[in-house]
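Q: what shape does this take:
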Amino acid sequence: MSKPGIVVWLLLLATLTGCVKKSGDGIVFRKKADLSPVVCKADSIALPFLFYSERWFLSHGDLYVLNSRATPFLTIYSLPEQRVRTQWGNSGRGPHEFPIPSLGEMHEKNRVAVYSNSLNRMEMFELRADSLVYLSAFRFPIWMKRQRNLPKPYTRLVQYNDTLFVGTSFLPRQIAVELLDMRNEQIVDAVDFPLRPADGGYSAPFECKAALCAGRMAIAYRYIDRIELYDLTPKGFCLTHVLGSDSAQEELCAQDRDDEMYFYYSDVVCCERYVYALWQGVLTGNLGKRESRIEIIDAENGETLRILSSDHYLTDIVIDEKAGIIYGHDPLNEDCLYVFRIPA
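A: Numbers count the residues shown, from 1 in each chain. Predicted structure coming up:
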C-alpha cells in the first residue's frame, strides 16, 4: 500500500474508533451518536378508560395500566382486540387490597404483580378468562430495623424470573437498583453506580430508570445525558457499556433551580435485541413544548443505530419489538395511545 493510502486508512480508522474507549476493566465508553433523526408520524388508538401512565407495561399483546386515582385501579387492555379484558383492584388494607398500589413489570404471559411498600407485600396473580386469580405473596427485604421494620420504597419493580426481581428505590441521599430474592427476602446484589452524589449531596440529580430483558439491563438518567448497559445474571450486575456524559447538574439542584436543569431521559425499555431510550433534551421548565426522540441502541455492543423523532411530546413508551411498534403516552391526551411504526 502506498504512503497516501496508509494515511487515508489511518484517518478512517481513527474516525471509526475515536468515539469508543475501553477501560481497563472491560467497560466500553461511547460518545453520544450524532445521527440525523428519522421523523415518525403517530397513529392513535382511542381508549375506553382514562389512561394515566403511573405504571404500565406490555406483555404478549396486553397492556397493564395502573391508575391509583381510579377504582378499580388496574386495567388490562388487549391491543389486538382493542378491548378491556378486565378492571380490578381496590384501595384499602383488606385481603388483596392495597392503600398505595404499584405495578410490577412482568415478562411471563398473563402474570400480574401488584405491590405496596407501606404493606411490605407483593401479590402475584394470573389472568385467566379475563379475571385475576391469586397465586402467591412475597415480602421485601427489610433495610431499616431500628424502630420500624421498613422495606425500601421501591418505585419500579421488574421481573427477572419467578422469584428474582430488580427494584429501583430513591432516598434523599441514595439511589439503589437491587436484585431482590423475594422468596428468601434478601438483596442478592446492588448496582455499583459509577456516578454518585457528592458527600452530603442529594440524589435527585442522579435519578434514573432501569429496564431489563434477556439477561441485560439498561439504566437511563433523567438529568444526565447518559445510558449504562449491564449484563445481569442470578448473581448480580456487571457494567459493560456507558453511552454519553458524566456531567451532573448538582449545583443547580442544590440551589433549587430545577427549571434550569436539562431533562434528558424520561423512559427506557430493554428488549431482546435493542434498547429504546426516550430522550427529551430540554430544560425542565420547557417539558411538553417540543417533540420527544427515541434512541434505538444495540443491546449487544452499545452502538446507537437510529434516532426517531416523534411528532408528539411523550413521557413513557412500551415496545412490541416483534411487530416493530412503539406505543407512547402523551400526558396531555389521557384518552388515547399513540402508535409509532419503526421504519424498516
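Q: give me the three-state assignment for the closest residue to residue 111 other than its chain neighbours.
A: Leaving aside its sequence neighbours, residue 111 sits nearest to residue 126 (Cβ to Cβ, 6 or more residues apart in numbering; 6.0 Å). For glycine as for every other residue, the C-beta is placed from the backbone atoms N, C-alpha and C. Of the three states, residue 126 takes strand according to DSSP: H, G, I helix; E, B strand; the rest coil.
Q: show me where pLDDT drops low in the stretch 51-200 of the chain?
A: Residue ranges of the stretch 51-200 of the chain with pLDDT under 70: 145-148.
Q: hang on, the earlier thing: residue 133 is in contact with the residue nearest to residue 111, correct?
A: Yes. Counting by Cβ atoms under 8 Å, residue 126 sits close enough to residue 133 to count as a contact (5.1 Å).
Q: what's near enough to touch residue 97?
A: Shown in contact with residue 97 (Cβ atoms under 8 Å, 6 or more residues apart in numbering): 89-91.
Q: go again with 6 Å.
A: For residue 97, the contact set (Cβ atoms under 6 Å, 6 or more residues apart in numbering) comprises residue 90.
Q: where's residue 328 relative to residue 341, distance?
A: Residue 328 sits 12 Å away from residue 341, going by Cβ to Cβ, to the nearest Å.
Q: so those two - more neighbours on which side?
A: Set residue 328 next to residue 341 and count neighbours by other Cβ atoms under 10 Å: residue 328 wins out with 24 against 13.
Q: name the strands paired with the helix or strand hosting the more buried one and say parallel or antiparallel.
A: Assigned by DSSP states H and E, residue 328 belongs to strand 325-329. The sheet places strand 325-329 alongside strand 316-320 (antiparallel), strand 336-341 (antiparallel), with pairing taken from DSSP bridges.
Q: what about stretch 28-41, how long is it end to end?
A: Start to finish, the residues bounding stretch 28-41 are 34 Å apart (Cα to Cα, to the nearest Å).
Q: if we look at that stretch, which residues are touching it?
A: For stretch 28-41, contacts defined as Cβ under 6 Å, 6+ apart pick out 19-22, 241-244, 293, 302, 304, 307-311, 340, 343.
Q: quick one: residue 20 from residue 242, how far?
A: Using Cβ to Cβ, residue 20 is found at 11 Å from residue 242.
Q: list the buried ones in the strand holding residue 328?
A: For strand 325-329, a neighbour-count test (16 or more other Cβ atoms under 10 Å) marks 325-329 as buried.
Q: same check on stretch 105-116?
A: For stretch 105-116, the neighbour count (16+ other Cβ under 10 Å) marks 105-106, 110-116 as buried.
Q: please, where are all the strands along the stretch 1-150 of the chain?
A: Assigned by DSSP state E, counting those that start in this stretch, the strands in the stretch 1-150 of the chain fall at 20-22, 28-30, 38-40, 43-46, 55-59, 62-66, 74-78, 83-88, 102-104, 111-116, 121-128, 131-138, 142-144, 150-151.
Q: sorry, back to before: what touches both of residue 20 and residue 242?
A: By Cβ under 6 Å, 6+ apart, residue 20 and residue 242 have no common neighbours.
Q: neighbour count for the two, which is higher?
A: The neighbour comparison of residue 20 against residue 242 (other Cβ under 10 Å) goes to residue 242, with 21 against 14.
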